[in-house]
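>>> quick one: sequence plus predicted model below, questions after.
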There are 2 protein chains.
Amino acid sequence: MTSINLKQSKFNTRQQILSATLTLFSSKGYFNTSVRDISRESGVSIGSIYHHFKDKEGIASSMYNNLIEQMVNELEQIKIRHKTSHDRCRAVIELLFVMSEEKPEEMEFMLSSKHRDFLPNEKPVCSSIPFEMMRDLVKEGIVSGEIQVMDLMVASSCLYGPSLRMITSRLDGLINKPLQDYLDAIWSSSWKAVAS
Amino acid sequence: MTSINLKQSKFNTRQQILSATLTLFSSKGYFNTSVRDISRESGVSIGSIYHHFKDKEGIASSMYNNLIEQMVNELEQIKIRHKTSHDRCRAVIELLFVMSEEKPEEMEFMLSSKHRDFLPNEKPVCSSIPFEMMRDLVKEGIVSGEIQVMDLMVASSCLYGPSLRMITSRLDGLINKPLQDYLDAIWSSSWKAVAS
DNA sequence: GTCTATACGACGATAGAC
DNA sequence: GTCTATCGTCGTATAGAC
């Protein structure tokens, strides 16, 4: 019993730290957040933080990989729920739109290409597993004949690029309505660009 | 004569600082570059740097606005050289591709949406004048009838989004061939998505 | 305008008691 | 495992001579 409590306690502290870190990095960025800030926000002492993580970069790395993993889970759900490439890719875009509306700062953090500035050993976002999975959906569409035979990067950029741009514009305050309002328009145009 | 030399000297020092700053920020990022680094790289002493600029942020701001201005000039050239929206938008994408191949790090810096982390008073990239000019080209295309009547942000995202995604992928090392090789494919698909 | 020397604070990280 | 106290470093920015 005691050992279970201890394990839970350890787990909770770790999660508290990671959760506070996500909040702070998303809103202020990695370099504008000190370990002291994380300690304050999480209610965990600095010493304890360094007990759980090697250094500040270790915290960032853990937190980032958590995000990636969650994203992978969502994408797997989509593969289960939808069968055609058309429906799956559309569902991916809808997912990204919903996430952008619900947690804009986390989305901004996740899409930012600037992780390399503080996680030099991490792959850039677009070569991460989620983006790879997204490209796989396109590849399957080409194989099945739903999508024209063309370069995979070109097809993926045409299918997802417009939506990702809409997300960036929304996060930058250039669009005032929720992204879901544009889903049909964006999707029908994007699909038109690659459909057989 | 003396006064001219002094003025030139001042101008050169300023430019040396800005040029070194661009190099360093592009390769290592704002937060990983110290003013000492800028001093070393530019060959200008710290004291002199602070004579020309209020603070580190001031250097970044000047450098960033220089980049924006150069971009505006290029876009104006395109408006002069091409007449239809179709040709102008295509030329814009070609310009971005060429710039990405010639100065990848500067391009990465310019497109990064993370300027807010160190330039909180600057508009985000997509609301900057160059992006506004790019959207204007699309708007004129809608008015002239070349492009379908549709939401301007949707149309712009469909036209430029795919190419911008290709650039990001190339900068992240996901694409091995020069972007120019993809120009025709990307453009014909992108145009198909919005053309009347 | 340019330089050297230096002030001063904040940061990441550690030591060691509990 | 968690905490407080503290160390050493390095960053930005300034002072003041030339």
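Done, it's in.
>>> CA atoms for contacts and neighbours, from now on please.
Will do.
>>> what's near enough to touch the spatially most central residue of chain A?
Against the mean C-alpha coordinate of chain A, by CA atoms, centre = their mean, the closest residue is A:Met110 at 4.5 Å. A:Met110 sits next to A:64, A:67, A:125 when contact means CA atoms under 8 Å, 6 or more residues apart in numbering or on different chains.
>>> just name the lowest-scoring one in those, pLDDT-wise.
In terms of pLDDT, the lowest of these is A:Val125, showing 89.
>>> quick one: it from DNA strand C, how far?
23 Å (CA to the nearest atom of the strand, to the nearest Å).
>>> isn't that residue right up against A:Phe131?
Yes: counting by CA atoms under 8 Å, A:Val125 does reach A:Phe131; the two are 7.4 Å apart.
>>> run through who's touching stretch A:22-36.
Under CA under 8 Å, 6+ apart, the answer for stretch A:22-36 is A:37-38, A:46, A:56, A:60, A:63, A:105-106, A:108-109, A:118, B:31, B:117.
>>> and the next helix or strand past the worst-scoring helix or strand of chain A on mean pLDDT?
Counting by mean pLDDT, DSSP states H and E, the weakest-scoring helix or strand in chain A turns out to be helix A:2-28, with a mean of 79. Per DSSP states H and E, the first helix or strand lying C-terminal to helix A:2-28 is helix A:35-42.
>>> could you dump the helix or strand just after that next one to CSV, C-alpha only?
Next along the chain after helix A:35-42, taking DSSP H and E as the criterion, comes helix A:46-52. The C-alpha trace of helix A:46-52 is given here as CSV (Å, rounded to 0.1, in the frame of the first residue of the first chain):
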residue,chain,number,x,y,z
ILE,A,46,13.4,23.4,-7.3
GLY,A,47,15.3,20.6,-5.6
SER,A,48,12.4,18.2,-6.2
ILE,A,49,12.2,19.3,-9.8
TYR,A,50,15.9,18.5,-10.3
HIS,A,51,15.3,15.1,-8.6
HIS,A,52,12.8,14.2,-11.3
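>>> does helix A:46-52 come close to DNA strand D?
Yes: using CA under 7 Å from any atom of the strand, a contact is recorded between helix A:46-52 and DNA strand D, made by A:46-48, A:51-52.
>>> so A:Cys158 makes contact with B:Tyr160?
No: at 9.5 Å, A:Cys158 does not count as touching B:Tyr160 under the criterion of CA under 8 Å.
>>> for chain A, which residues are neighbours of chain B?
A:28-29, A:31-32, A:112-114, A:117, A:124, A:126-127, A:153-154, A:157-166, A:169, A:172, A:174-175, A:182, A:185-186, A:189-194 (CA under 8 Å from any CA of the partner chain).
>>> give me the buried subset of those residues.
Buried positions within the residues of chain A next to chain B, assessed by neighbour count (16 or more other CA atoms under 10 Å in any protein chain shown), are A:29, A:112-114, A:117, A:124, A:126, A:153-154, A:157-166, A:169, A:172, A:182, A:186, A:189-194.
>>> joint contacts of A:Cys158 and B:Tyr160?
B:Ser190.
>>> element containing the residue lying closest to A:Phe118 once chain neighbours are set aside, please.
Nearest in space to A:Phe118, with sequence neighbours left out and distances taken as CA to CA, 6 or more residues apart in numbering or on different chains, is A:Glu57 at 6.9 Å. Using DSSP H and E, A:Glu57 maps to helix A:56-81.
>>> elements contacting that helix?
helix A:2-28, helix A:85-102, helix A:129-144 (3 or more CA pairs under 8 Å, 6 or more residues apart in numbering or on different chains; DSSP states H and E).
>>> may I see the buried residues of it?
Applying 16+ other CA under 10 Å to helix A:56-81 flags A:56, A:59-61, A:63-64, A:68, A:71-72, A:75, A:78-79 as buried.
>>> identify, from those, the entry nearest to A:Ile17.
A:Ile59 (8.2 Å; CA to CA).
>>> give me the nearest residue to the closest one, chain neighbours excluded.
Nearest one to A:Ile59, counting by CA to CA, 6+ apart, is A:Phe53 at 6.0 Å.
>>> low-confidence ranges in chain A?
A:1-11 (pLDDT under 70).
>>> cutoff 90 now
A:1-11, A:112-114, A:116, A:124-127 (pLDDT under 90).
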